[in-house]
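A.B. asks: What follows is a predicted protein model with its sequence.
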Amino acid sequence: MCNLLENLKNQIKEEAKRNNIGKYFTERILSTDRLLEFNIPVGSKVFRGYRAQHSNLLGPYKGGVRFSNKVTRDEVEALSIMMTLKCALLDVPFGGAKGGVEVDFSSLSEKEREELSRGYVRGAFPVIGPEIDIPAPDINTNEEIISIMVDEYSRISGKSSPASFTGKPVEEGGLEGRDIATGYGGAVILSELCDFWKIKEATIAVQGFGNVGSNFAIFASKMGHKVMAISDCEGGVRAKKKISIREALKCKKENKRVGSYQRKGEKRICNSELLEMDVDVLVLAATENVINENNAEKVRAKHIISIANGPVTTNAEKILQKRGTVVIPDILASAGGVIASYCEWKQAKNSKKMRKEEVLDFISKKMKKSFYALHGEKQDEIFSNVALSLSLRSLERRMLDKEGEIR
Ligand code: GLU
């Protein structure tokens, strides 16, 4: 079992015990409803695709599809559990799912990328659909890829089906604001965090400058905070005063690494230097397990916002807790995307367009509510444990409502 899945299951067991959650429900939540695995032939190569459907207690299964060479069956399963927990915490009426293909996406040609996207839909077709399981963007699956997927889905099903996917281009029934939603949601959390801990102008380091990290940085700097450093998988830069987000975006647009963008007064740094910077807020928007037992002691930031999936391991969080570092868990801080997906799905079903301001307002309200629910519960506990117990309790309530007190 991969670390992420094992840690998550252990954490669920611990929290379920602490919250006196019934044995039957705990077993249900520890086992995934369905895990489909299939081959995707692309030219002369064959890739392995997955779709994990963890639970549909709260509504149709929902979750992104990632194309990455780190994808494994266990990782996809763990991420599908996190989707269930996230939707329960944020009160979004979806269940949890996740998909992925193990592939070095950057090595594929445009034609191969299209073949892979169509092949994924063909493989997952028997288990997805607008009322069953609705895939969405994730790592390396942007709106162009989703548009190809919708096309393939409509081709196979023989009818146009805009509610079958979220994260579509706006001109194809997508939602205004969906592309910036996850980064925006992270910035809403930043703003609440700064209000709560009375930080006026936060200094911030952002690990990861993809869709999520870059949009987070845009909103954070618009709010008047100072992004002091950014990085991607090949390293980053640290500024003396603050990073010019505009320049960094220009660099990203030209397909250059953020570490290659360096102006006067700025210094190239590696990822570990960024993680150890003395800033008010460290934002993790890259990948899992980046803060672990080996480097948790070196973290100097006072607050961490986890927007990537699982960037802080359970043991690392215990170390950080002892040192007084506040960690806002991923199932809260990364929820902007799925909240917007819910708006997009509803929009497709009711044919009623939502404006970008309405979408952002909806995200903001939901995320603030959950942020304060977490604070209301937190005593000496670690935030991710509190978030987990809130999710588990709400899922258990839902199961009892649905299935009656027969257990
Ligand atoms: N991939 C995103 C996530 O992990 C979005 C999922 C969705 O919108 O369904 O939250």
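C.D. replies: Thanks, I have the structure now.

A.B. asks: State the mean pLDDT of stretch 196-205.
C.D. replies: Averaging pLDDT along stretch 196-205 yields 96.

A.B. asks: Please point out which parts of that stretch sit buried.
C.D. replies: 199, 202-205 (16 or more other CB atoms under 10 Å). For the C-beta atoms, the positions are set from N, CA and C on the backbone; glycine is no exception.

A.B. asks: now do stretch 246-254
C.D. replies: Quick answer for stretch 246-254 (16+ other CB under 10 Å): 248-249, 251-252.

A.B. asks: wait, which of those residues is closest to the ligand?
C.D. replies: residue 252 (19.8 Å; CB to the nearest ligand atom).

A.B. asks: pLDDT averaged over whichever helix or strand residue 65 is part of - what is it?
C.D. replies: If you go by DSSP states H and E, residue 65 is part of strand 61-68. For strand 61-68, mean pLDDT is 98.

A.B. asks: That one pairs with which strands, and in what direction?
C.D. replies: Sheet pairing of strand 61-68 (DSSP bridges) gives strand 95-102 (parallel), strand 133-136 (parallel).

A.B. asks: ok, and which of those strands has the densest surroundings?
C.D. replies: Greatest average neighbour count among those goes to strand 95-102 (a mean of 28), per mean count of other CB atoms under 10 Å.

A.B. asks: circling back: ok, and what's touching the strand holding residue 65?
C.D. replies: For strand 61-68, the surrounding residues in contact (CB atoms under 8 Å, 6 or more residues apart in numbering) are 33, 51, 53-55, 79-80, 83, 87, 92, 94-103, 105, 116, 120, 132-141, 145, 149, 167, 337-338, 341.

A.B. asks: Start and end of stretch 218-233, how far apart?
C.D. replies: 19 Å (CA to CA, to the nearest Å).

A.B. asks: Now do the end-to-end distance for stretch 200-220.
C.D. replies: Per CA to CA, stretch 200-220 runs 12 Å from first to last residue.

A.B. asks: and of the buried residues of stretch 196-205, the nearest to residue 112?
C.D. replies: residue 205 (35.5 Å; CB to CB).

A.B. asks: which strands and helices sit next to the one helix or strand the closest one maps to?
C.D. replies: Taking DSSP H and E as the criterion, residue 205 maps to strand 203-207. Based on contacts counted as 3 or more CB pairs under 8 Å, 6 or more residues apart in numbering; DSSP states H and E, the elements that strand 203-207 packs against are helix 211-222, strand 226-232, helix 271-275, strand 281-284.

A.B. asks: Throw those into a markdown table and include distance to the ligand, thanks.
C.D. replies: Listed next are those as a markdown table, based on distance: least, CB to the nearest ligand atom, whole Å:
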| stretch | distance to the ligand |
| --- | --- |
| helix 211-222 | 9 |
| strand 226-232 | 19 |
| helix 271-275 | 22 |
| strand 281-284 | 14 |
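
A.B. asks: okay, these, which one's buried deepest?
C.D. replies: strand 281-284 (a mean of 29).

A.B. asks: So which elements touch the next helix or strand after that one?
C.D. replies: Per DSSP H and E, the first helix or strand lying C-terminal to strand 281-284 is strand 303-306. When contacts are defined as 3+ CB pairs under 8 Å, 6+ apart, strand 303-306 packs onto helix 181-196, strand 281-284, strand 326-328, helix 330-333.

A.B. asks: Could you report the neighbour count for residue 22?
C.D. replies: For residue 22, the neighbour count with other CB atoms under 10 Å is 14.

A.B. asks: Equivalent analysis for residue 400, please.
C.D. replies: By other CB under 10 Å, the residues close to residue 400 number 14.

A.B. asks: Please report the distance of it from the ligand.
C.D. replies: Residue 400 sits 26 Å away from the ligand, going by CB to the nearest ligand atom, to the nearest Å.

A.B. asks: again, but for residue 289
C.D. replies: 16 Å.

A.B. asks: residues in contact with that residue?
C.D. replies: Contacts of residue 289 (CB under 8 Å, 6+ apart): 3-4, 310-311, 313.

A.B. asks: which element is the closest residue in space to residue 182 that isn't next to it in sequence on?
C.D. replies: Leaving aside its sequence neighbours, residue 182 sits nearest to residue 337 (CB to CB, 6 or more residues apart in numbering; 3.9 Å). Assigned by DSSP H and E, residue 337 belongs to helix 336-350.

A.B. asks: Show me which residues of the stretch 1-150 of the chain sit near the ligand.
C.D. replies: By CB under 6 Å from any ligand atom, the part of the stretch 1-150 of the chain that sits against the ligand consists of 62-64, 136, 138.

A.B. asks: Looking at neighbours, which among those is most surrounded?
C.D. replies: residue 63 (32 neighbours).

A.B. asks: now, which of the buried residues of stretch 246-254 lie within helices?
C.D. replies: With helices taken from DSSP state H, the overlap with those comprises 248-249, 251-252.

A.B. asks: what does the stretch 301-407 of the chain put close to the ligand?
C.D. replies: 334, 337-338, 341.

A.B. asks: Let's see that with 8 Å instead.
C.D. replies: 309, 334-335, 337-338, 340-341 (CB under 8 Å from any ligand atom).

A.B. asks: Residues contacting stretch 35-46, please?
C.D. replies: With CB under 8 Å, 6+ apart, stretch 35-46 has contacts from 47-53, 73, 76-77, 101, 108, 112, 115-116, 119-120, 122-124, 126-127.

A.B. asks: For PyMOL, write a command that selects the buried ones of the residues you listed.
C.D. replies: This is the PyMOL syntax for the buried subset of those, where burial follows 16+ other CB under 10 Å:
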select buried, resi 47+48+49+50+51+52+53+73+76+77+101+108+112+115+116+119+120+122+123+124+127
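
A.B. asks: Name the residue of the stretch 1-150 of the chain that lies nearest to the ligand.
C.D. replies: Taking CB to the nearest ligand atom, the ligand has its nearest neighbour within the stretch 1-150 of the chain at residue 64, 2.7 Å off.

A.B. asks: again with the stretch 301-407 of the chain
C.D. replies: For the stretch 301-407 of the chain, CB to the nearest ligand atom, closest residue to the ligand: residue 341, 3.2 Å.
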